[in-house]
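> Starting from these lines, generate the structure:
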Amino acid sequence: MSELNEYKCPCCGGAIAFDSGIQKMKCPFCDTEFEMQTLLDLDAALKKEQEQTDEMKWDEPAGSSWQKGEQEGMFVYVCDSCGGEIVGEATTAATFCPYCGNNVVMKAQFTGMLRPDLVIPFKLDKEAAKKGLLKHLTGKKLLPKVFKDQNHIDEVKGVYVPFWLYDTDTDATVRYKATRVRTWSDSNYNYTQTSFYQILRAGSVGFENVPVDGSKRMPNDLMESIEPFDLSQAVDFQTAYLAGFFADKYDVSMEECQTRANERVKNSTIEAFRQTVQGYATVTTENATVQYKGNRTRYALLPVWLLNTTWNGQKYTFAMNGQTGKFVGNLPMDKGLYGKYFAIAGAIGAAIAAAVLTVLYFIG
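A predicted model of the protein is given here:
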């Protein structure tokens, strides 16, 4: 069995957790607050704790044997507060004991090469996440009214999501195709002249902290939609920040994520050069060559609130940046309202077209 980090209040023995409001560890039972620095010694002491070995033997074993492959990816931990067993996945790094509710951190998940370099502590709490959902639902005209009125949040989880952060410099050459359009008319004809241009841009661009999430269960588009994170507020990793939240370790390697990082850097470089091409009617990219140099990578845990709701048998997942409050998530659409708006828009368009034809008729 793997080891657990559990943070207990030295005053009353209750389980303490990180409080995003005061940015300290706090005991919910006696309200005692603790500075993060004081927990460094606690981390060292916890590493010396020995695993419990007491066993109770029965004459006849219960249950049956696991089939081949069934135990793959399963890990079992023992809660030191109540002795209950906690079953987690290979990527689970912080969770709660289902029996006593104690906050636990799996120490083995953050040893050796798996230990993060940085962590951004949660700035916003669970209530802020719930309010973020209500605000997200407000003003959506095509949202079914019953979804908002009867929507119940199935789950709200504060999760530290693993991210790889990439620093790199690029030397780039980009060729654009552009056009300029000139129109004029005389008494007989209308004229349109289109001129075509090839535009070359070359230079260097530096990038810092390009994030790519290292969790297979987190969709890239969802995680990228809640960016940016303010990495200037990141601190050196301590397991104490995870207490009271869920956390995963990465299961997509730095090398695997580098492809996505390079893609993001290349697209940003092309767009940065594109902003220097002014005064044209259209601009399209024809070719781009980007070379990367001076690469550096760090492993960080970033705060994300995940909210799940179920409606009409379909699951909807929303995400909120636990630092900035940026909220994203897909919503259902009322097809009846959509048809009504479409019909109204079509009628207005037809009326405008009829009015234009009438004017042209009288002019003719």
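
> Tell me the bridge partners for Thr297.
Note on Thr297: beta-bridge partners by DSSP bridges are Tyr166.

> separation between the residue lying closest to Asp167 once chain neighbours are set aside and Ile199?
Nearest in space to Asp167, with sequence neighbours left out and distances taken as CB to CB, 6 or more residues apart in numbering, is Arg296 at 4.3 Å. From N, CA and C alone the C-beta is placed, and that goes for glycine too. Distance, Arg296 to Ile199, by CB to CB, to the nearest Å: 32 Å.

> Comparing those two, which shows the higher neighbour count?
Ile199 (16 against 10; other CB atoms under 10 Å).

> So this protein: which segments form each domain?
Domain segmentation of the chain under automatic domain parsing yields 4-51+72-115, 127-333.

> got the buried residues for stretch 211-231?
Buried residues in stretch 211-231, counting neighbours by 16 or more other CB atoms under 10 Å, are found at Pro211, Val212, Asp213, Gly214, Ser215, Met218, Leu222, Met223, Ile226, Phe229, Leu231.

> Give me the subset of the residues you listed lying in helices.
Residues of the buried residues of stretch 211-231 located in helices (DSSP state H): Leu222, Met223.

> What is the most widely separated pair among the buried residues of stretch 211-231?
Leu222 and Leu231 (19.5 Å; CB to CB).

> Dump the C-alpha coordinates for stretch 287-296 into PDB.
This file holds the C-alpha atoms of stretch 287-296, laid out as PDB (Å, rounded to 0.1, in the frame of the first residue of the first chain):
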ATOM      1  CA  ASN A 287       4.000  29.100 -45.700                       C
ATOM      2  CA  ALA A 288       5.600  29.200 -42.300                       C
ATOM      3  CA  THR A 289       9.000  27.900 -41.100                       C
ATOM      4  CA  VAL A 290       9.600  28.000 -37.300                       C
ATOM      5  CA  GLN A 291      12.700  26.700 -35.600                       C
ATOM      6  CA  TYR A 292      12.900  26.300 -31.800                       C
ATOM      7  CA  LYS A 293      15.900  26.800 -29.600                       C
ATOM      8  CA  GLY A 294      16.800  27.200 -25.900                       C
ATOM      9  CA  ASN A 295      13.900  25.000 -24.700                       C
ATOM     10  CA  ARG A 296      13.100  24.600 -21.000                       C
END
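
> Quick one: residues in contact with that stretch.
166-175, 262, 265-266, 269-270 (CB atoms under 8 Å, 6 or more residues apart in numbering).
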